[in-house]
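In: I'd like to go over a predicted model; first the sequence, then the structure.
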Amino acid sequence: MKSYFPLVKSPIKYAGPKSRDPLTFKWFNAKQKVRGKTMAQHFRFAVAYWHTFKGGGSDMFGPAAWVREWNVGSPMEAAEKALQANFEFCQKLGVPYYCFHDRDIAPEGATFTESVKNLETVVKQAKKMQKDTGIKLLWGTANLFSNPRYTHGAGTNPDVQVFAYAAAQLKHALEATCELGGENYVFWGGREGYETLLNTKYSQEQNQFAALLQLAVDHAKKIGFKGQFLIEPKPREPSKHQYDYDTATVLSFLRAHGLYDHFKINVEANHATLAGHTFAHELTVAAAENKLGSIDANAGDVLLGWDTDQFPVNLYDTATAMVAVLQQKGGIGSGGFNFDAKCRRGSNDVMDLFYAHIGGMDAFAKGLLVADKILSDKAYSQIVDDRYATWKSPVGKEILAGKSSLDKLAAFTLKNGEPALKSGRQELLEIHFNDILLSL
Ligand code: XUL
Ligand code: CO
């Protein structure tokens, strides 16, 4: 069979931090145990199909610019070649999962029937390749945003016929995910938002979106899909305002619509920053409710400010992110880390795909090691614990147990007077953090 990556002769291996060979891992050591789990188990890395095999380096000032050997022939021929490239790439990179939108793996046809047929054909091919290679599907999703029919949204479209079309597409994407043993199914809001409130019935659209999610939950039951449903928040792009703004918004939406038990969050780093949060903030909010389901581990560019979907290289960001991830008991469960990232337009060589993924995996592996050290560092945790020490006193315990009253606290305040001013020790903690990061 044709090789699309002939320069990578054998799977990428761990060679340790001293290695200068760019086709080795310096930090990601699949078998190395951290907190009782191997790195492979912590990360469950996945390759994002859309950027890696369907991306062409396009940006808002220019169309696709990359020549890819798998992107030739009829749309269905190209689809099969891209699949082959995907499985070769995952195997050589040593990544156990991939993830896709329905329209990444199979082209949209001239009619709905043709689109369904295309998807079914490709799913059969993918199933065989999964069996041959052992590479698995982390998650599937439906592209309910690229086709012009979804301009005004999919689930939140004011036209019920578009809603029905989206639901029909979702049905087949969910069934494809189920057929391929996908471990999760993702909803990213795409165009589920508004451009102007002048033409928008806000609560009607919220109810519609909840109805779409409920239909998916019902259908999963019907077809025996046992995977985890995930929602990926994003505040804007392409819409001016997207309903799944951030993790806190999504969790409250799920609660309000009786969907809370069926969904977890897929946190994306670049979406967090678009929402004015750090990546670690979004992970922390999700993990606080044991709702951290999976991660799109990319990065934005502070100077550009839009969703640039870059590979992560900033060790401070990966370390603070992993501190947040490790807060969730049991880790990310059936989820994993995909990069949802693309090489820059200028990085047009297929080898850049390897460098980018290796760099991202290493950055997160190093982040995990740093996070583990931070969380086990007594000097560090003592400073944080000391800040909250007074909550262990009788008055603190009584408040948290719901047994206090404003009268009691007024009496307490009369007796104790003005609280002492205490330092938050931010700078000291920042020094500790860097000491650990640099010492590893
Ligand atoms: C878009 C984005 C999507 C989702 C999957 O910003 O992040 O690619 O990850 O639909
Ligand atoms: Co994403």
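Out: Right, received. Where do you want to start? Ligands and ions are numbered 1, 2, ... in the order given.
In: near ligand 1, which residues of this protein?
Out: 101, 141, 186, 188, 232, 234, 268, 296, 307, 340 (CB under 6 Å from any ligand atom). C-beta here means a position set from N, CA and C on the backbone, and glycine is covered the same way.
In: mind running it again at 5 Å?
Out: 188, 340 (CB under 5 Å from any ligand atom).
In: tell me, which helix in the chain spans the most residues?
Out: helix 350-376 (DSSP state H).
In: Give the next helix or strand downstream of it.
Out: helix 378-387 (DSSP states H and E).
In: one step back: got the buried residues for the longest helix of the chain?
Out: For helix 350-376, a neighbour-count test (16 or more other CB atoms under 10 Å) marks 350, 352-354, 356-374 as buried.
In: One more: stretch 276-285?
Out: For stretch 276-285, by 16+ other CB under 10 Å, it's 277-285.
In: does any part of the helix or strand hosting H281 sit near ligand 2?
Out: Per DSSP H and E, H281 falls inside helix 279-288. No. Against ligand 2, helix 279-288 shows no contacts by CB under 5 Å from the ion, the least distance being 12.2 Å.
In: I'd like the distance from whichever strand or helix holds A78 to the chain centre, please.
Out: Assigned by DSSP H and E, A78 belongs to helix 75-93. Using CA atoms, centre = their mean, to the nearest Å, the distance from the centre of helix 75-93 to the centre of the chain it belongs to is 22 Å.
In: Okay, angle between it and helix 350-376 too, please.
Out: Relative orientation of helix 75-93 versus helix 350-376 (axes from the mean of the first three to the mean of the last three CA atoms, to 10 degrees): 50 degrees.
In: Quick one: list the elements packing against the helix or strand just after helix 75-93.
Out: Downstream of helix 75-93, the first helix or strand assigned by DSSP H and E is strand 97-101. Packing contacts for strand 97-101, counted by 3 or more CB pairs under 8 Å, 6 or more residues apart in numbering; DSSP states H and E, involve strand 46-48, helix 49, helix 75-93, strand 136-141.
In: CA atoms only: put strand 97-101 into PDB for me.
Out: Output in PDB follows, covering the C-alpha atoms of strand 97-101 (Å, rounded to 0.1, in the frame of the first residue of the first chain):
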ATOM      1  CA  TYR A  97      -7.400   7.500  18.700                       C
ATOM      2  CA  TYR A  98      -8.700   9.800  16.000                       C
ATOM      3  CA  CYS A  99     -11.800  11.900  15.900                       C
ATOM      4  CA  PHE A 100     -13.900  13.400  13.100                       C
ATOM      5  CA  HIS A 101     -16.900  15.300  11.800                       C
END
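In: begin at 31 from here
Out: Taking 31 as the first residue, the last one we looked at is strand 127-131.
In: Off-centre distance for it?
Out: Here strand 127-131 shows a centroid-to-chain-centroid distance of 12 Å under the convention CA atoms, centre = their mean.
In: from the chain's centre, how far out does the helix or strand following it sit?
Out: For strand 127-131, the following helix or strand on the C-terminal side (DSSP H and E) is helix 132-135. Distance, stretch centre to chain centre, for helix 132-135: 18 Å (CA atoms, centre = their mean).
In: contacts for helix 132-135?
Out: 79-80, 83-84, 109, 112-113, 149, 152-153, 156, 170-173, 176, 199, 202-203, 206 (CB atoms under 8 Å, 6 or more residues apart in numbering).
In: which of those count as buried?
Out: 79-80, 83-84, 109, 112-113, 149, 152-153, 156, 170-173, 199, 202-203, 206.
In: in the stretch 231-380 of the chain, which spans are strands?
Out: 258-262, 271-272, 293-298, 322-326, 367-368 (DSSP state E, counting those that start in this stretch).
In: Now do the same contact list for L470.
Out: Contacts of L470 (CB under 8 Å, 6+ apart): 396, 399-400, 403.
In: do that again at 10 Å, thanks
Out: For L470, the contact set (CB atoms under 10 Å, 6 or more residues apart in numbering) comprises 47, 57, 345, 349, 396, 399-400, 402-403.
In: Now do the contacts for H311.
Out: Going by CB under 10 Å, 6+ apart, the list of residues near H311 reads 276-278, 297, 302-303, 305, 350-351, 354.
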